[in-house]
Every structure is written in C-alpha cells, then in structure tokens.
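>>> I need the structure of the sequence given here:
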Amino acid sequence: LGDMSKGEMGLGAVPGREVEFRDGLDLAVKYAKTLNCERIHIMAGRVPLGADRATVAGEMEDTFIENLKYASDVLSQAEITGLVEPINTRITDPRYFLNTPQQAVAVLQKVGRPNLKLQMDVFHWQIMDGNLTQNLQTYFPLIGHVQIAQVPNRNEPDSPGEVNFSYLFSLLEELGYEGYVGCEYKPRGNLENRIKTPNYYKRNN
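Residues are numbered from 1 along each chain as shown. Next up, the predicted model:
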C-alpha cells in the first residue's frame with residue numbers, strides 16, 4: 001500500500017491517508033482472492049519526513065489501530081488473515097513506524113481482532129531486540145507467518161551470520177508452527193543452483 005516510487009512503505013499508520021489506505025486494501029483483497037492468498041501484510045508506513053518520531057507516535061498509533069480495525073472487518077468477509085510486521089530502524093529503514101516485536105504486539109492487543117496476526121521476520125527481530133527464543137515463545141500465539149534471512153547482511157539462512165536457524169526451526173516445530181517459512185533474502189551467489197537443493201529451509205510436515 002502506498003506509492004513505493006515516492007518512498008512510501010504502506011499507509012496503515014499514516015494520518016490523513018485513510019481513504020487511500022482503504023482503496024489499497026480493497027485492491028489487495030482482489031489480488032489475494034485471485035491468487036488464493038490467505039494472508040495480507042498490512043504495512044504501517046513511515047514517520048513523515050522531518051517529523052520527530054516521539055511527537056507523532058501517538059497519532060500514528062491511533063491511526064494504525066483504527067485502520068487495522070477497518071481492515072479486520074474487510075478481511076474477515078474475505079476469509080483472509082491480516083499480518084503486521086515490525087521492520088528494523090537500525091539497518092533497513094530508520095523511519096519505519098512499526099519497528100519492534102513489542103510495539104507490534106501492543107498494537108495487536110489494542111485492536112483485539114483474531115484475524116490479525118504478527119509476521120515474524122527473524123532478520124528484523126534479531127537486529128532490533130535479539131532474545132529470539134524468549135520472544136518466539138512469548139509471542140507464538142500471535143504469530144501468523146515467519147520469514148527468515150541471515151543477520152547482518154540479509155543473505156541465505158545458511159550463510160555466515162548471527163542466527164542459528166537449525167535451532168530456530170526445531171523450536172518452531174516444538175511450538176507447533178504449521179505455516180510456511182518464507183525466505184526473504186539477498187542471494188550471495190547463483191540462486192538457481194541453491195534453489196535445486198534448498199535443504200536449509202525445508203520443513204518436515
């Protein structure tokens with residue numbers, strides 16, 4: 001949602017853009033129904049350029065909560081789950097509004113709708129908060145989708161880096177996660193060859 005060519009990353013929490021948010025949501029639902037997609041990522045958007053984050057945080061959270069309530073009703077009719085994803089502000093996007101697991105969970109709890117879930121991107125969670133084991137265990141009931149990439153360079157999960165994915169996959173299995181694990185990373189080498197042997201992100205169902 002929003003105009004990526006203008007540097008926008010969603011409109012969910014952007015005051016004054018509610019009509020555009022609703023129009024974008026309607027279009028996203030049409031695409032999702034056509035593609036049989038059961039989840040939609042509702043992007044919060046960026047803190048306005050030149051604005052102080054602390055000053056606008058309250059208004060942006062209120063806007064996000066109201067937009068999420070509206071989205072929940074629309075998505076419920078379409079039998080689609082809405083996802084919110086905290087994106088780190090230390091490497092990826094300093095202006096993104098929703099940036100920690102704790103902030104995302106607080107928003108979801110205030111909205112209080114069962115068809116809105118947390119999108120756990122291990123890359124962002126590790127950069128902003130670490131403590132992956134405790135966060136995963138604590139917030140697991142709210143998690144609707146998992147994405148992975150190695151830290152700090154967002155490469156393949158089996159590349160050198162901070163995160164032990166074998167351990168995390170085992171933990172997800174123990175907790176009973178039954179969804180997909182999305183791979184959102186920047187490949188270092190020949191992607192075609194790596195796709196032929198993707199043992200590092202297979203799950204046993």
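>>> quick check, central residue of this protein?
Glu85 (2.4 Å; Cα atoms, centre = their mean).
>>> neighbours around Phe97, how many?
Phe97: 28 surrounding residues under other Cβ atoms under 10 Å. The way it works is simple: take the backbone N, C-alpha and C, and place the C-beta from them, glycine included.
>>> again with the one 3 residues further on
Using other Cβ under 10 Å, the number of residues around Thr100 comes to 17.
>>> ok, which stretches of this protein are strands?
Listed in chain order, the strands of the chain (DSSP state E) span 39-41, 81-84, 116-121, 143-148, 181-183.
>>> would TSV of those strands with distance to Met60 be doable?
Below are these laid out as TSV (distance: least, Cβ to Cβ, whole Å):
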stretch	distance to Met60
strand 39-41	18
strand 81-84	13
strand 116-121	17
strand 143-148	22
strand 181-183	26
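>>> of all those, which lies closest to Thr55?
Nearest to Thr55 among the strands of the chain is strand 81-84 (22.3 Å), distances taken as Cβ to Cβ.
>>> in the lengthiest helix in the chain, what counts as buried?
Ranked by residue count under DSSP state H, the longest helix found in the chain is helix 53-78. Residues of helix 53-78 classed as buried by neighbour count (16 or more other Cβ atoms under 10 Å): 56, 60-61, 63-65, 67-68, 71-72, 74-75, 78.
>>> tabulate these (CSV), appending pLDDT and distance to Pro157.
What follows is the buried residues of helix 53-78, written out as CSV (pLDDT from 0 to 100; distance: Cβ to Cβ, whole Å):
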residue, pLDDT, distance to Pro157
Val56, 98, 35
Met60, 98, 32
Glu61, 98, 32
Thr63, 98, 35
Phe64, 98, 30
Ile65, 98, 33
Asn67, 98, 32
Leu68, 98, 30
Ala71, 98, 30
Ser72, 98, 32
Val74, 98, 34
Leu75, 98, 30
Ala78, 97, 32
